[in-house]
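pasting the sequence and the predicted coordinates here, then a few questions.
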Amino acid sequence: MLRTFAYNDAVGEQWFAPAGLRRGILTNLANVGYVSSTDGEFKPVGLTEGQKDALYVNKINPLTYVPGSGLVVDGQKTLHPYTSALDRVNVARLICYMRRQLDILSKPFLFEPNDKITRNEMKGVIDRFCNDLVTRRALYDYLVVCDE
């Protein structure tokens, strides 16, 4: 999956889903299966729709063989304990990215006077950052509140 994340980030953005036919094709695998304990031979396994659904409900992203494309990541669940936007890989990665960038962007304002001028400057920096995220399809809309 790390290779799939790297490919996703190279051809898209880290907040795009690392799954499906555009960014989720597994080029480093030929098949999925198990090694038989009786004869030591590799046995390929295909999943039924019911098995894929059961895996997904249990927060395991199934790998599906798609004729003409190969093995594909068929989901982007995380281990987040509650149903929310955060139980998706792309949203969790966007939140991590935003936290990291906002930490960097806010450092110059540390120890500055907590007045309207500083708050307006910081709001402007954050607005530019969020506008960039809208342009790059990470956000649809946002609201920055920086008040006393």
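Thanks, I have the structure now.

ok, residues contacting stretch 85-105?
14-19, 59, 76-78, 80, 125-126, 129, 133, 138 (CB atoms under 8 Å, 6 or more residues apart in numbering). C-betas here are computed from N, CA, C, even on glycine.

same thing but 6 Å
Q14, W15, F16, A17, Q76, T78, H80, V125, A138 (CB atoms under 6 Å, 6 or more residues apart in numbering).

confirm the second one sits in a strand?
No: secondary structure of W15, determined by DSSP: H, G, I helix; E, B strand; the rest coil: coil, with no strand assignment.

how much space separates the closest residue to it other than its chain neighbours from I104?
Spatial nearest neighbour of W15, excluding adjacent residues (CB to CB, 6 or more residues apart in numbering): L94 at 3.8 Å. According to CB to CB, to the nearest Å, L94 and I104 sit 16 Å apart.

of those two, give the one with the bigger neighbour count.
L94 (20 against 10; other CB atoms under 10 Å).
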